[in-house]
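**Student:** sequence? don't have it. structure:
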């Protein structure tokens, strides 16, 4: 099996956070065009953009999360459950990762799911994959088709 899935469009909150931080960074650089602010703000923007999710693929028994220039892979052979859960990220705490600049990426926690890893661009199109060692949230453009494809694998 080899399937590719586009990411969901950015939800409005992600658009607002990313736009606001980029405008703030540009303003800070214009206000103080010294080397240090340029390096700090440029590092924040470029560093976060490198972790941005560009798409998802399922190849054989592997979920591949495509980034800018690299991938993150998860073995699906120990997949317990997959389900469409819009809003699964509600009331989550970021424990380590990016919380709204180009996506919700990294480790998060909420009372419903416990600890999980998110690779998300739209908090209302969540698909939860429960693996033996972790839980993942991804947000494909067509979450129902993604779930069907993963269930075929199961």
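**Tutor:** Great, that's in hand. Bear in mind the structure is a predicted one, so any value in this text is a computation, not a measurement.

**Student:** how about the helices in this protein?
**Tutor:** 12-31, 35-50, 143-153 (DSSP state H).

**Student:** using a markdown table, lay out the ones you listed together with mean pLDDT.
**Tutor:** What follows is the helices of the chain, written out as a markdown table (pLDDT from 0 to 100):
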| stretch | mean pLDDT |
| --- | --- |
| helix 12-31 | 93 |
| helix 35-50 | 91 |
| helix 143-153 | 90 |
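
**Student:** tell me which of the ones you listed is the most buried.
**Tutor:** helix 143-153 (a mean of 16; mean count of other C-beta atoms under 10 Å). Any C-beta I mention is one placed from the backbone N, CA and C, and that applies to glycine too.

**Student:** can I get the helices of the chain in CSV with distance to residue 85?
**Tutor:** CSV is the format used below for the helices of the chain (distance: least, C-beta to C-beta, whole Å):
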stretch, distance to residue 85
helix 12-31, 18
helix 35-50, 25
helix 143-153, 9
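
**Student:** among these, which is nearest residue 98?
**Tutor:** Comparing the helices of the chain against residue 98 with C-beta to C-beta, the closest turns out to be helix 35-50 (5.5 Å).

**Student:** I'd like to know which of the helices of the chain lies nearest to residue 81.
**Tutor:** helix 143-153 (9.7 Å).

**Student:** would you confirm that residue 111 contacts residue 91?
**Tutor:** Yes. Contact criterion C-beta atoms under 8 Å: residue 111 and residue 91 qualify, at 7.0 Å.
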